[in-house]
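K.L.:
Below: sequence and its predicted model.
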Amino acid sequence: MNRTARQSGKLANTRGKQFERDISTYLGLELGFKFSRNLEQTRTAGLGDLLCSEPDFPYTLELKRRQQGNMIPSNAWQQAITASNLERGIYPAVIYKYDHRESRAVIPFAAISECETGKSTDNITDKADISLPLFCKVVREIMSWRAEAC
C-alpha cells in the first residue's frame, strides 16, 4: 500500500516524537536528570530538541530519527552548532537512530578533551560518533570536572 506524502510526513513526525520520548527516558535513567521535549523548537529555529532539568548539563541535544542511512543525517551537525552556546560551555550533540540499529551520538572532540583532561578546547569542527552509553559517560565526566572546579 502506497502512502501519500501527507501520510508519510505524519508518520515521520510521530516517529520523531517517539524517539525524543525514548531518548528522554534513556538519558533520565542513565544520568539521573529529568529530560523533556522542547515544544518551542517546533516554532522557533535554533533550539535543541530536549531540555534537561539540570542547569549545568553540558550539551544542547539535536535528535534525528530516520529509516535508513549510514552516518549522522545531513545538516544535523549544523543545527546542533546553531542551538549550542559555546561561550557558556554548552556543546552541540546529535543523537540519531536508523531502523534496526542502535542509537548513536555525535559530539565534538572538544567535549572528549574536557572529559579526559578537565580542560576545554575550541575544536568543534572535528567530531566523534560514539555509542549512547559512552555519551553518558562523557556527560558524567565533564560534569564531574566542572563541579570540582567550582
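P.N.:
Received, thanks.
K.L.:
which residues are in contact with stretch 125-143?
P.N.:
26-27, 30-31, 54, 56-59, 71-72, 77, 93, 95, 102-109, 111-112, 114-116 (Cβ atoms under 8 Å, 6 or more residues apart in numbering). (Each C-beta comes from the backbone N, C-alpha and C, glycine too.)
K.L.:
Let's see which of those residues end up in strands.
P.N.:
When strands are assigned by DSSP state E, the members of the contacts of stretch 125-143 inside them are 59, 93, 95, 104-108.
K.L.:
ok, back up a step: of the contacts of stretch 125-143, select the buried ones using a ChimeraX command.
P.N.:
A single ChimeraX command selects the buried members of the contacts of stretch 125-143 (16 or more other Cβ atoms under 10 Å):
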select :26,27,31,57,58,59,72,77,93,95,103,104,105,106,107,108,111,112,114,115
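K.L.:
Find the centremost residue of the chain, please.
P.N.:
residue 61 (3.1 Å; Cα atoms, centre = their mean).
K.L.:
I'd assumed residue 50 was in contact with it.
P.N.:
Yes - using Cβ atoms under 8 Å, residue 61 is in contact with residue 50, at 4.5 Å.
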